[in-house]
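Chemist: sequence and predicted structure below; questions after.
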Amino acid sequence: MAKRELTSGEHTLLERAGREVKHGMVVNLGIGLPQFLPEHLPANTDVTFHSENGFVGMGEGNPEGTPDSDVIDAGGRACKVVPGAAFFDSLTSFAIVRGGNLDLAVLGAFEVSLSGDLANWKIPGKLTPGMGGGMELAQKANHVLVISHHLDKRGRGKLVPQCSLPLTAPACVGTLVTERAVFRRIDGRMHLASIHPDFDRKSALEGINADVPTPDVLEPWEATP
Amino acid sequence: MAKRELTSGEHTLLERAGREVKHGMVVNLGIGLPQFLPEHLPANTDVTFHSENGFVGMGEGNPEGTPDSDVIDAGGRACKVVPGAAFFDSLTSFAIVRGGNLDLAVLGAFEVSLSGDLANWKIPGKLTPGMGGGMELAQKANHVLVISHHLDKRGRGKLVPQCSLPLTAPACVGTLVTERAVFRRIDGRMHLASIHPDFDRKSALEGINADVPTPDVLEPWEATP
Amino acid sequence: MLDRGTTVEKAVTSYVRSGQTLMVGGFGRGGVPFTTIKYLADNATDYRNLTLIKNDANEPGIGIDLLLKQGQVKKLIATHIGLNPDFIRQMNDGEIECELIPQGIFAEKIRAGGAGIPAILTDIGLGTEVAHGKATYEMEGKTLLVEPCMRGDVALICADIADNAGNAWWRGSNRNMCVVMGTACDRVIVEAKQIVETGNLKAEDIHLPSVFVDVVVPAGPLPHGEL
Amino acid sequence: MLDRGTTVEKAVTSYVRSGQTLMVGGFGRGGVPFTTIKYLADNATDYRNLTLIKNDANEPGIGIDLLLKQGQVKKLIATHIGLNPDFIRQMNDGEIECELIPQGIFAEKIRAGGAGIPAILTDIGLGTEVAHGKATYEMEGKTLLVEPCMRGDVALICADIADNAGNAWWRGSNRNMCVVMGTACDRVIVEAKQIVETGNLKAEDIHLPSVFVDVVVPAGPLPHGEL
């Protein structure tokens, strides 16, 4: 696991995101916060993790590993595999993604538009790392879950009327989870779906300069026991 | 090896065809006479045989094998493999063919046209086995060598002005070897190239109802020592 | 990893329905899911009107010939049917429709279906009757055929070894079309000659990863010892 | 089987020339042919004006960064360059051209080049700047991008084990783009961490068959132990 102390807000959003993950799913985790998802899954959720550089069955980080280890994830982190893991090449890896066998991609975002467009790969003139496998993950995973702090350092939310940055894929985000709220794309438009008990409707939409539909009845934040 | 006694004419044409095979080549053998080519190769010719159902490094027939054996050639014959053989699936098998890694396909023919068109997969209303891998082998092997008896039972040769049967591939035959003669495609047209010492120019063209260019100087039939 | 082991009966009754398109592995006898096919033949009234995508038509009396003979198949998409004269007669008599595709393109169309590639462009078959009626695309002055991908409802494939999670491995020339078919169907039934504990196959040497596979069922003895 | 073993020097001087397009294996450090790359860097005046096709730009100071830094590369075709800020600066300053392609399509374009498929049709990148300027094809009411195949003059890839004939096998996540690049170039140089007698790899488990490979050379020790 990447070395980093999580804040309580991050724990909160990761735990809520973890409840979007169902038993038996094949899941790809983007770099950053998504890499902390495995330790926040509900108990007895048997999930198979896909690493787009070439395997399924990714296990926990390998503390003895170096960047030269023979098993690294797509971010270059040495890791272990679980029994039943399979290694393959980049062709098979993305055949899994494009062919409909990746149930869930958990990604970070710069921007998510009200129609579910995702921008997370390029800030022109500032950040040009390349899209890697991100476009395929965003466009072809059966469900795209974006997780993010509710507000960035300048107090802005991720949900915007239209993305100003180059798109990773249009109309791809199914769910956005922050430490305050859950948003879901319904009929082509992101809706408020759930609010953390510590927040109200107003703070669940704080920083979001967009007209987000907010149904009267929301999903409970906690799992029903 | 298929159970069959070869005639002396067949031995002759197979030996002549064997001299078209060069050291280090990757070679695919069609069903029938081509399957007898390995035992007619010149000494010290190290050839890798490709079997389009999924391996390279095909060795000799396996007399103990049945059609249920785990190693069969594309005709269903149990066979052995040589050290260094590799098994793969149909995708890789034809990637080898289409990608330019098959040096030579040795095939049978119903008809070869003067322009090198090949018909060997279908006789409408009579024979409809399907093309199998034949079209790709004919179209994409780096060289296509057709071997055949000089005359069929009705006294007709294989070389025709135009094929009357459905084509396997147009303009694909590089060399045609019979027990009497060798023909090569030069500038898009099949030419007489060599004659067996027991035959003369007339008998080398017997049964061929086509205007075959016959250069004054021919290649020797036997290998130059 | 989930445990995907079950019985042939459960697998077939769960996933296979009349009217579906089934991809069936095998080239000659290697890779043919004889046990699963036999179940379909033994319950013929429940599995009819099938479209089969299979390299060949097997030999008379074995494999998919059982389904062809019993009238369970409306169409066969194949590359070579030369070892089954009975089916050639059925085809020539118009009893069963047959579409023939060059073998490598047959494999590529299935791969495209599995890999989320809507179509490939190819020159294979140009200048032959295979090209008749097909859409074309001009690229760099050359005419190419547009070959759309193929997918199926259920894949029936036979592996030599599978683990309980569904990872599969093939011996010798048995792999043929099995792996690619296992990527290109909504449901994948792996019939395995040997089933081992999950983790007992070397992770680098797995030919078909478990994420493509729905269930693993044991292969019975080969049904044609008497042939 | 032919014996394809040789030295890095012989392999490179036989096949690599200035101005060529080289495919270079690796994702992160796994699969990167560090020894062969080092030879190109140590003989920089002989190998210039190269186009590199590689998943990423390596990290500063290792792998192809040596070639990028020394001005031996005119263009890099890649999917992700985020771990090499030095190259990002070179790209932004216009010193070296860079084309970025979605990772799976990058692999598919190379596969198509190796498998004799002139182009594939895909919807990946539609609605993004990746689609700008690309040819399109309408199929069943949907717009698809035409992605032509990619080929290279020489492939440089690093395997974990190769036999003398050129059959190659990869450990863990080292396989990545190596196998497909090994099918898509006129010449293929396999750098191997371990070289075994021909026949010592299990025939079913070979990842890249020898027929694609021209020469096998021994990998030296990893050059970046000090990093």
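Modeler: Looks like it came in fine.
Chemist: contacts, neighbours, all on C-alpha from now
Modeler: OK.
Chemist: can you give me the helices for chain C?
Modeler: C:8-15, C:34-42, C:65-69, C:85-92, C:103-114, C:178-181 (DSSP state H).
Chemist: now do the contacts for the residue nearest the centre of chain C.
Modeler: The centre of chain C sits closest to C:V24, judged by C-alpha atoms, centre = their mean, with a distance of 2.3 Å. Residues near C:V24 by C-alpha atoms under 8 Å, 6 or more residues apart in numbering or on different chains: C:32-33, C:52-54, C:155-157, C:178, C:181.
Chemist: with A:C79 instead?
Modeler: Contacts of A:C79 by C-alpha under 8 Å, 6+ apart are A:58-63, A:65, A:71-73.
Chemist: just the buried ones from the residues you listed?
Modeler: Among these, the ones that count as buried by 16 or more other C-alpha atoms under 10 Å in any protein chain shown are A:58-59, A:61-62, A:71-73.
Chemist: okay if I get the residues you listed as CSV plus distance to chain B?
Modeler: Shown next, in CSV, are those (distance: C-alpha to the nearest C-alpha, whole Å):
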residue, distance to chain B
A:M58, 26
A:G59, 29
A:G61, 33
A:N62, 33
A:V71, 24
A:I72, 26
A:D73, 27
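Chemist: for chain D, tell me which of those residues show up nearby.
Modeler: When contact is defined as C-alpha under 8 Å from any C-alpha of the partner chain, those meet chain D at A:71-73.
Chemist: give the buried residues for stretch C:195-213.
Modeler: Applying 16+ other C-alpha under 10 Å to stretch C:195-213 flags C:195, C:198-199, C:201, C:203-213 as buried.
Chemist: can you tell me which of these is nearest A:D198?
Modeler: C:V211 (39.0 Å; C-alpha to C-alpha).
Chemist: list the contacts for that closest one?
Modeler: By C-alpha under 8 Å, 6+ apart, C:V211 lies in contact with A:26, A:56, A:96, A:101, C:166.
Chemist: tell me the phi and psi of the last one?
Modeler: Main-chain dihedrals, C:G166, degrees, to the nearest 10: phi 110, psi 0.
Chemist: residues contacting the spatially closest residue to it that is not a sequence neighbour?
Modeler: Leaving aside its sequence neighbours, C:G166 sits nearest to C:S210 (C-alpha to C-alpha, 6 or more residues apart in numbering or on different chains; 4.4 Å). Going by C-alpha under 8 Å, 6+ apart, C:S210 touches A:84, A:86, C:165-168.
Chemist: pick the one among those residues closest to chain B.
Modeler: Nearest to chain B out of these is C:A168 (C-alpha to the nearest C-alpha; 13.2 Å).
Chemist: tell me which residue of chain C lies closest to chain D.
Modeler: Distances between chain C and chain D by C-alpha to the nearest C-alpha are smallest at C:I120, namely 4.4 Å.
Chemist: number of nearby residues for that residue?
Modeler: Neighbours of C:I120 under the rule other C-alpha atoms under 10 Å in any protein chain shown: 25.
Chemist: which residues outside stretch A:11-18 are in contact with it?
Modeler: Contacts to stretch A:11-18, defined as C-alpha under 8 Å, 6+ apart, come from residues A:34, A:36-38, A:40-42, A:145, A:147-149, A:177-180, A:221-222.
Chemist: could I have the buried ones of those residues as PyMOL selection syntax?
Modeler: The following PyMOL line selects those of the contacts of stretch A:11-18 that are buried, judged by 16+ other C-alpha under 10 Å:
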select buried, chain A and resi 34+36+37+38+40+41+42+145+147+148+149+177+178+179+180+221
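Chemist: how about the strands in chain C?
Modeler: Assigned by DSSP state E, chain C shows strands spanning C:21-24, C:50-54, C:73-78, C:97-100, C:119-122, C:136-139, C:142-148, C:152-163, C:168-169, C:185-196, C:215-218.
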